[in-house]
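Engineer: Structure, please.
(one chain, ligands or ions: 2)
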Amino acid sequence: MQKIVVEGGAVLNGEVQISGAKNAVLPILCATLLADEPVAISNVPHLHDVVTTARLLGELGAGIQVDEGTAGDGKPGRGRGITVDPRTVRSHIAPYELVKTMRASILVLGPLLAKYGEAEVSLPGGCAIGSRPVDQHIKGLQALGAEISVDHGFIKARRNGRLKGARFVFDVVSVTGTENVMMAAALAEGTSVLENAAMEPEVVDLADCLNALGAQIEHAGSGRIVVHGVERLHGGHHDVLPDRIETGTFLVAAAMTGGRVTVRRSRADTLDAVLDKLRDAGGEITVEGDRITLDMQGRRPKAVNLTTAPHPAFPTDMQAQFMAMNCIADGVGVINETIFENRFMHVQELLRLGADIRVEGHTAIIRGVEQLSGAPVMATDLRASASLILAGLVADGQTTIDRIYHLDRGYENIEEKLSGLGARIRRIA
Ligand SMILES: CC(=O)N[C@H]1[C@@H](OP(=O)(O)OP(=O)(O)OC[C@H]2O[C@@H](n3ccc(=O)[nH]c3=O)[C@H](O)[C@@H]2O)O[C@H](CO)[C@@H](O)[C@@H]1O
Ligand SMILES: C=C(OP(=O)(O)O)C(=O)O
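Structural biologist: Ligands and ions are numbered 1, 2, ... in the order given. Below you'll find the predicted structure:
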C-alpha cells in the first residue's frame, strides 16, 4: 500500500494552483443525469471520487468522455474536462459496492427519480467521521410527491406523474440533502421553496450549473432557495468552482511553516471564516483577484479557537488542518466540532507526533508545543490525512503516513503541489 513520507523543517514559499472543488464536481456530475443532452464540465480535479462517480454514471448507462487538459468543450487550459451524455441511461440502481466507497453516490437519488421516475440507491451508512443519516433527503423528496421506502439497505423511490413543487423546511442544514432536493425540484411541476437550505458555495455552484442547463433556481446561497420547475434541461457547459478546502489547506501549510504562499485560481469570497482565523493566527493575507497570499514572515502561529458549523461559519472540512496548526502554535486553542460526532480521529495520530491535545466530548483543547517529532502515523479519513501531512511538514525528522487512499479521494497531486513550494515530501509504494 502506498505511503507518504514527509521530512519536516522546510519553509514553504511560492505559488500553487488550486483545483476544482471535489464537493462541487461530484453533485454536478450527478446533475448531468437530469439533462436531455450531453453536458461538458471543466476544471474537473483528478480525484479518486471523480473516477468513482464516473463509474457510477457509466453503470447507469451514461456515456462518459474524458478530455485531459481541455474544457470538455475543446477550450484548453481549464484542467480536465468530462462530458457526460445521459441519453443512454438505462439503469436506475446505485449499487452498495459503489455507494459504500463514496457517500456522494446518494446524489443520484434526486436526479434519477425526477428524470426517470424511479431510483434505487443503497443507504450510505455511517463512516469514520460519524453517522451520516439521509432522512432529510428522503423527507424532502417525499414533500415533492415521491413514494419512498427503505428496504434491504436500499432507498427505493418512485413517482406517479411529475414531482410537484412544494415548500419544504429542512430540520437540519444538510449540504447533500439540499442538493438532492434542489435537483429533483428542478424538473418538478410548479415552484418549490426550500427553507433552512444549506448555503455552501458548492450548493451555489450546482445551482449555477443547473441554471446553465435551463433550470430556474433563485437565491441559492441563501437559506431559502426557490426552484421554479421546468419540463426539461438541455445540454451545456459548466466550469467547476475552485476547491476552498484545498485552498485553506495550502494556506495553513504556509502559516505552520512560517512561509509565504500564493494560491492561484482560488475564490477568497468562499473562505471568509477560514481567512479570518488565519489572520487571528498571525498570517498577513492579501487578496488580488483570484490570488490569495498568506505571508507568515517566519513567525510562529498563534493558537486559535473555533467552532465548526454550516456555511458561512467555519467549515468542518478545515477542522483537522487547524488542529494541526494549533499543535505547534503559541498558546492554547479550543476547537468545537458540531457537525460530526466522531471527527477527532486525527487526535490519536497527532498525539503520536508529540502533540498535547485533550478531548472532552465535542471539544478538543490543544496546547501548542515548540516542536513535534516525526513518526509513522495512519490516516483515518480525508481531512485527517491532510492534517497529518501538515504536522509532518513541521515535525522534527521523518513522518510516514499510511492509508493515503483517503487523501487521493479529495486532494489532486498534493505531494507534487507541496514539493513545488519547497516541501520535502514523496510517495512510496
Ligand atoms: C453542514 C455541513 O457542514 N455539512 C458538511 C457535510 O456535508 P454532507 O452533505 O455530507 O452532510 P450534511 O450536510 O447532510 O450533514 C450535516 C449534519 O446534518 C445531519 N443530517 C444530515 C442529513 C440528514 O438527512 N439528516 C441529518 O441529520 C448530519 O448527521 C450532520 O450532523 O460533510 C461534508 C464532508 O465533510 C462537508 O463538506 C459539509 O460541509
Ligand atoms: C469527508 C469529506 O467528504 P465525504 O463526505 O465525501 O466523505 C470531505 O470532503 O471532507
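Engineer: I'd like to know how far the closest residue to Arg352 other than its chain neighbours sits from Gly8.
Structural biologist: Using Cβ to Cβ, 6 or more residues apart in numbering and skipping the chain neighbours, the partner closest in space to Arg352 is Ala375 (5.0 Å). Where you see a C-beta, it was placed from the backbone N, CA and C, and this is true even at glycine. In this view, Ala375 and Gly8 are 11 Å apart by Cβ to Cβ, to the nearest Å.
Engineer: What of Ala384?
Structural biologist: Taken as Cβ to Cβ, the span from Ala384 to Gly8 is 18 Å.
Engineer: neighbour count winner among those two?
Structural biologist: Ala384 (30 against 22; other Cβ atoms under 10 Å).
Engineer: Tell me who's in contact with the more buried one.
Structural biologist: Ala320, Met345, His346, Glu349, His406 (Cβ atoms under 8 Å, 6 or more residues apart in numbering).
Engineer: and the last one, helix, strand or coil?
Structural biologist: Per DSSP: H, G, I helix; E, B strand; the rest coil, the local secondary structure of His406 is helix.
Engineer: per-residue confidence for it?
Structural biologist: Note on His406: pLDDT of 91.
Engineer: okay, now it: neighbour count?
Structural biologist: 20.
Engineer: what's the overlap in contacts for Ala375 and Gly8?
Structural biologist: Joint contacts of Ala375 and Gly8 (Cβ under 8 Å, 6+ apart) are Ala395, Thr399.
Engineer: what's downstream of the helix or strand hosting Leu206, the next helix or strand?
Structural biologist: Per DSSP states H and E: Leu206 is located in helix 201-212. Using DSSP H and E, the helix or strand that follows helix 201-212 in sequence is strand 216-218.
Engineer: what's in contact with that following strand?
Structural biologist: Against strand 216-218 from outside (Cβ under 8 Å, 6+ apart): Met182, Ala186, Ala207, Leu210, Asn211, Ile225, Val226, Val227, His228, Gly229, Val230.
Engineer: mind listing what Lys8 touches?
Structural biologist: No Lys there; residue 8 is Gly. Leu372, Gly374, Gly392, Leu393, Val394, Ala395, Asp396, Gly397, Gln398, Thr399, Arg424.
Engineer: give me that answer again for 10 Å
Structural biologist: 257, 353, 371-374, 391-399, 423-425 (Cβ atoms under 10 Å, 6 or more residues apart in numbering).
Engineer: Also Leu421?
Structural biologist: So Leu421 contacts 10-16, 250, 253-254, 257, 259-262, 393 (Cβ under 10 Å, 6+ apart).
Engineer: now do Gly361
Structural biologist: Asn336, Glu337, Glu341, Phe344.
Engineer: Helix or strand: which one has the closest residue to Arg103 other than its chain neighbours?
Structural biologist: Spatially, and ignoring its direct neighbours in sequence, Arg103 is nearest to Pro124 (4.6 Å; Cβ to Cβ, 6+ apart). Using DSSP H and E, Pro124 sits within no helix or strand.
Engineer: just for the stretch 101-250 of the chain, where's the confidence low?
Structural biologist: The model of the stretch 101-250 of the chain has pLDDT under 70 over residues 126.
Engineer: please redo it, this time with the cut-off set to 80
Structural biologist: Within the stretch 101-250 of the chain, the ranges that satisfy pLDDT under 80 run 125-127.
Engineer: What parts of it come near ligand 1?
Structural biologist: By Cβ under 6 Å from any ligand atom, the part of the stretch 101-250 of the chain that sits against ligand 1 consists of 132-137, 172-177, 198, 200.
Engineer: try 8 Å
Structural biologist: 103-104, 129-139, 171-179, 198, 200, 202, 245 (Cβ under 8 Å from any ligand atom).
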